[in-house]
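*Asks:* okay, predicted coordinates and the sequence, questions at the end:
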Protein chains: 2
Amino acid sequence: MEKQTITIYDVAREAKVSMATVSRVVNGNANVKQETKEKVEAVIERLGYRPNAVARGLASRRTTTIGVVIPDVTDHYFAELARGIDDVAAMYHYQIILANSDESDTKELQVLENLLSKQVDGIIFMGNLIDDDIRKEFAKADVPIVLAGSVDDVTAQPSVNIDYTSAIGEATTKLLKNGHKRVAFVTGSLDHGINREYKLKGYMNALAVAGVDYDESLVIQGDYDYQSGYQMAEMVRDAKATAAVVVNDEMAAGLLNAMTDAGVKMPEDFELITNNNSKLAVMTRPQMSSITQPIYDLGAVAMRMLTKLMNREELAVKNIILPHGYVDRDSTKQ
Amino acid sequence: MEKQTITIYDVAREAKVSMATVSRVVNGNANVKQETKEKVEAVIERLGYRPNAVARGLASRRTTTIGVVIPDVTDHYFAELARGIDDVAAMYHYQIILANSDESDTKELQVLENLLSKQVDGIIFMGNLIDDDIRKEFAKADVPIVLAGSVDDVTAQPSVNIDYTSAIGEATTKLLKNGHKRVAFVTGSLDHGINREYKLKGYMNALAVAGVDYDESLVIQGDYDYQSGYQMAEMVRDAKATAAVVVNDEMAAGLLNAMTDAGVKMPEDFELITNNNSKLAVMTRPQMSSITQPIYDLGAVAMRMLTKLMNREELAVKNIILPHGYVDRDSTKQ
DNA sequence: GTGAAAGCGCTAACAC
DNA sequence: GTGTTAGCGCTTTCAC
């Protein structure tokens, strides 16, 4: 079932014009007489002609495609970010190549290489860990790259984030004010810059302000998933924590369930604040109090930023910080 | 910061060989002397040459890229399916363009058009509703297309699914056997063939076998999300149902929470079985009994099937049915 | 307003 | 084992 592919040349011949004219019509170039335009469009319709994006990309050196590197599609935080990106991309008529990096360094590099070889016009990068290999790849790229929900202090890559330090700090402070002396900080790996340089600092700042000593045993590192959160409950209890700030909703749900399964009453005996306010936060019982992040907007704004960069427009602000908030639910008192 | 792009021609000149030889080295063609090969590789390394996939695609008419149409990345069922696809694709050195269709017909069509114009070598399509417009697009495509977790009786498109009818039937039967006379069937829109032609039939079959009359008011249609499930609780209670089979975990979680929030005891006063056994099923309290589906495998097998099709291999079975199961948890008795 | 022709960077015969 | 040479299907000067 080999279909013969119909090309711009076929259209030109049938419409008795040149390829150049067909190209102009297809690309909405104004310099075509209305009459010619209609004639060409009729032939396109009749023949079922569909421009070959690959040839177009080669000739014009623009693919109207952008690459999106995502650590894991099944992670709701990043999936939501991706939706924001996708919607704005569609608005600007860009298509998206969503590439899973598996949170693995080698895969991330490879995926970036692939994207670049595909001649994408720009890249949005999401990832918890940005190391020198990746930075090198960023530097080699000849297209704009923006980070979404991801930080890197070394390269001053354009980025869109919230103020993680303040957000975590405020949550910690709330718990401290509620009288807790031992507040656990349940985080992803501290190898990840976003945890080490931002979130942990927020936690430590809050302790310092409250005059509470920092105790390393209260900082518990996990894997960002439910299972991991469930298992960490034991460590949280061993550390004699009476409250916790958790950086991710799945881990928080795991911790919460493990606690209540063990007979701990929330919020009476244990208080918890999570970080992403994804729909998971309202699915647990008790529902989880949470820092609120404009996750979808993080993606949308990053994509908008990228369109500007691709048009060589100047950026007013290179590292955008979107506002965050807090919502009280049933895993905290009052 | 315009980088000069370095091409195969530059490599050839520097290595004092022809473009053809460089091409052979890059593509791992055996017909190159070891010595030449090493020389060329050294130059590639030194110059930082990266083959242009667009040019390659145009010249060879193969892009080693496949398109994946997904209704919604933030839907966990499809995200998990996508992971299965992605992993197998990586194994066979195919890259993936993940395209969101938003469950909207127009977007689905447009997305298919885009993918085809990008000259993808194959497509995996996921979607709840396959109508004539889409079938027309399938027919026009000159590359293989396989359906994953999606059905269409009209075209006999290759596909990978489970036996939805039996799965829902078994779940319904279990509830009936537990003594329930009024079992609700909570589903997505019956406009979606997969619900109307498969799942609903399973429900009805089970009723027939048990000699229970079909009551339309017990079939309740929702939106596949938590919110929708939560709201449907009222209709479920109005219909005087004492148990429910739900086609999707998010809706099930919503229904479950709405019930328990209203003081209904589960499983004593109400029993529930959900359909996807995603991680959500163990996050709720009580945990949900569920039909089990090999979701990841559905994707993996579909991708494997596509690789065969792309190699023009014969398929032993065109419409693959993977086995399903059932797991008892706390939303059902015993 | 329209056409001719030169590439874009690569692969794939085909020749040697 | 290696080089030569046509294209792949389109955009884009540059003429007219």
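*Replies:* All right, it came through fine. Keep in mind that what you see is a predicted model, and the values were worked out from it rather than measured.

*Asks:* check what pLDDT the residue of the stretch 1-150 of chain A found nearest chain B gets.
*Replies:* Here the stretch 1-150 of chain A gets closest to chain B at one residue, A:Leu98, 3.7 Å apart by C-beta to the nearest C-beta. C-betas here are computed from N, CA, C, even on glycine. A:Leu98 is assigned 94 on the pLDDT scale.

*Asks:* doesn't it belong to a helix?
*Replies:* No: read with DSSP: H, G, I helix; E, B strand; the rest coil, A:Leu98 is strand and lies in no helix.

*Asks:* write out the residues of the stretch 151-300 of chain A neighbouring chain B.
*Replies:* Residues of the stretch 151-300 of chain A lying close to chain B (C-beta under 8 Å from any C-beta of the partner chain) are A:Tyr226, A:Glu250, A:Ala253, A:Asn257, A:Thr260, A:Lys279, A:Leu280, A:Val282, A:Met283, A:Thr284, A:Arg285.

*Asks:* from DNA strand C, how far out is the first one?
*Replies:* Which is A:Tyr226. Going from A:Tyr226 to DNA strand C by C-beta to the nearest atom of the strand, to the nearest Å gives 44 Å.

*Asks:* A:Asp238 too?
*Replies:* When A:Asp238 is compared with DNA strand C (using C-beta to the nearest atom of the strand), they lie 57 Å apart.

*Asks:* buried stuff in stretch A:325-332?
*Replies:* Buried residues in stretch A:325-332, counted by 16 or more other C-beta atoms under 10 Å in any protein chain shown: A:Arg329, A:Ser331, A:Thr332.

*Asks:* and those residues as TSV, adding distance to B:Ile123 and secondary structure?
*Replies:* Shown next, in TSV, are the buried residues of stretch A:325-332 (distance: C-beta to C-beta, whole Å; DSSP: H, G, I helix; E, B strand; the rest coil):
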residue	distance to B:Ile123	secondary structure
A:Arg329	43	coil
A:Ser331	44	coil
A:Thr332	48	coil
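
*Asks:* now do the phi/psi pair for A:Val246.
*Replies:* A:Val246 adopts backbone torsions of phi -120, psi 140, taken as degrees, to the nearest 10.

*Asks:* that one: neighbour count?
*Replies:* Counted with other C-beta atoms under 10 Å in any protein chain shown, residues neighbouring A:Val246 total 32.

*Asks:* next one: the one 5 residues further on
*Replies:* By the other C-beta under 10 Å criterion, the neighbourhood of A:Met251 contains 28 residues.

*Asks:* same check, this time on A:Lys333
*Replies:* 15.

*Asks:* wait, what's in contact with it?
*Replies:* A:Lys333 makes contact with A:Asn178, A:Pro267, A:Glu268, A:Glu271 under the criterion C-beta atoms under 8 Å, 6 or more residues apart in numbering or on different chains.

*Asks:* please apply the same query to A:Asn275.
*Replies:* Contacts for A:Asn275 (C-beta under 8 Å, 6+ apart) come out as A:Ala167, A:Ile168, A:Ala171, A:Val245, A:Val246, A:Val247, A:Asn248, A:Asp249, A:Ala252, A:Ser290, A:Ile291, A:Gln293.

*Asks:* state the pLDDT value of it.
*Replies:* 97.

*Asks:* from DNA strand C, how far out is it?
*Replies:* For A:Asn275, the distance to DNA strand C (C-beta to the nearest atom of the strand) stands at 44 Å.

*Asks:* could you verify my assumption that A:Ala141 touches A:Leu116?
*Replies:* Yes: using C-beta atoms under 8 Å, A:Ala141 is in contact with A:Leu116, at 5.8 Å.

*Asks:* what do these two both touch?
*Replies:* Shared contacts of A:Ala141 and A:Leu116 (C-beta under 8 Å, 6+ apart): A:Ile123.

*Asks:* stretch A:23-33 close to DNA strand D?
*Replies:* Yes: Stretch A:23-33 lies within reach of DNA strand D by C-beta under 7 Å from any atom of the strand, at A:Ser23, A:Arg24, A:Val26, A:Asn27.

*Asks:* could you count how many residues lie near the first one?
*Replies:* Counted with other C-beta under 10 Å, the burial measure for A:Ser23 works out to 18 neighbours.

*Asks:* please apply the same query to the second one.
*Replies:* The tally of other residues near A:Arg24 (other C-beta under 10 Å) stands at 18.

*Asks:* what residues are up against the nearest residue in space to it that is not next to it in sequence?
*Replies:* Nearest-residue entry for A:Arg24: A:Val32, 5.0 Å, with adjacent residues in sequence omitted and distances by C-beta to C-beta, 6 or more residues apart in numbering or on different chains. By C-beta under 8 Å, 6+ apart, the residues touching A:Val32 are A:Thr21, A:Arg24, A:Val25, A:Val40.

*Asks:* for A:Val32, which three-state class applies?
*Replies:* A:Val32 ends up coil, using three-state DSSP.

*Asks:* show me where chain A has helices.
*Replies:* A:8-15, A:19-26, A:34-47, A:53-60, A:76-91, A:105-117, A:132-140, A:164-177, A:193, A:200-210, A:226-238, A:249-261, A:280-283, A:295-310 (DSSP state H).

*Asks:* report how many residues lie close to A:Glu234.
*Replies:* Neighbours of A:Glu234 using other C-beta under 10 Å come to 12.

*Asks:* quick one: A:Glu268 and A:Asp330, what's the gap?
*Replies:* A:Glu268 is 11 Å from A:Asp330, where distance means C-beta to C-beta, to the nearest Å.

*Asks:* now A:Ile97
*Replies:* 41 Å.

*Asks:* again, but for A:Gly229
*Replies:* Noted for A:Gly229: a distance of 18 Å to A:Asp330, by C-beta to C-beta.

*Asks:* do A:Asp121 as well
*Replies:* Distance of A:Asp121 to A:Asp330, given as C-beta to C-beta: 46 Å.

*Asks:* how far is stretch A:264-281 from where the chain is centred?
*Replies:* 23 Å (C-alpha atoms, centre = their mean, to the nearest Å).

*Asks:* how long is it end to end?
*Replies:* One end of stretch A:264-281 sits 19 Å from the other (C-alpha to C-alpha, to the nearest Å).

*Asks:* which parts of it are buried?
*Replies:* Neighbour-count burial for stretch A:264-281, with 16+ other C-beta under 10 Å as criterion, is recorded at A:264, A:266-267, A:270-281.

*Asks:* need the max-distance pair from those.
*Replies:* A:Val264 and A:Lys279 (24.1 Å; C-beta to C-beta).

*Asks:* how far does stretch A:97-104 stretch from one end to the other?
*Replies:* Stretch A:97-104 has an end-to-end distance of 18 Å (C-alpha to C-alpha).

*Asks:* now do stretch A:152-169
*Replies:* Stretch A:152-169: ends 20 Å apart by C-alpha to C-alpha.

*Asks:* what's the answer for stretch A:315-327, then?
*Replies:* End-to-end distance (C-alpha to C-alpha), stretch A:315-327: 32 Å.

*Asks:* help me see whether that stretch makes contact with chain B, please.
*Replies:* No: with C-beta under 8 Å from any C-beta as the criterion, chain B is not reached by stretch A:315-327; the gap is at least 14.4 Å.

*Asks:* let me see the mean pLDDT of that stretch.
*Replies:* Here stretch A:315-327 scores 96 as its mean pLDDT.

*Asks:* cool, and stretch A:128-138?
*Replies:* Per-residue pLDDT over stretch A:128-138 has a mean of 91.

*Asks:* any idea how far it is from the chain center?
*Replies:* For stretch A:128-138, the distance to the chain centre is 16 Å (C-alpha atoms, centre = their mean).

*Asks:* for it, buried residues please.
*Replies:* Neighbour count says stretch A:128-138 has A:Asn128, A:Leu129, A:Ile130, A:Ile134, A:Glu137, A:Phe138 buried, by 16+ other C-beta under 10 Å.

*Asks:* deepest-packed of the helices of chain A, please.
*Replies:* helix A:249-261 (a mean of 24; mean count of other C-beta atoms under 10 Å in any protein chain shown).

*Asks:* just the angle between that helix and helix A:76-91, please?
*Replies:* 150 degrees (axes from the mean of the first three to the mean of the last three C-alpha atoms, to 10 degrees).
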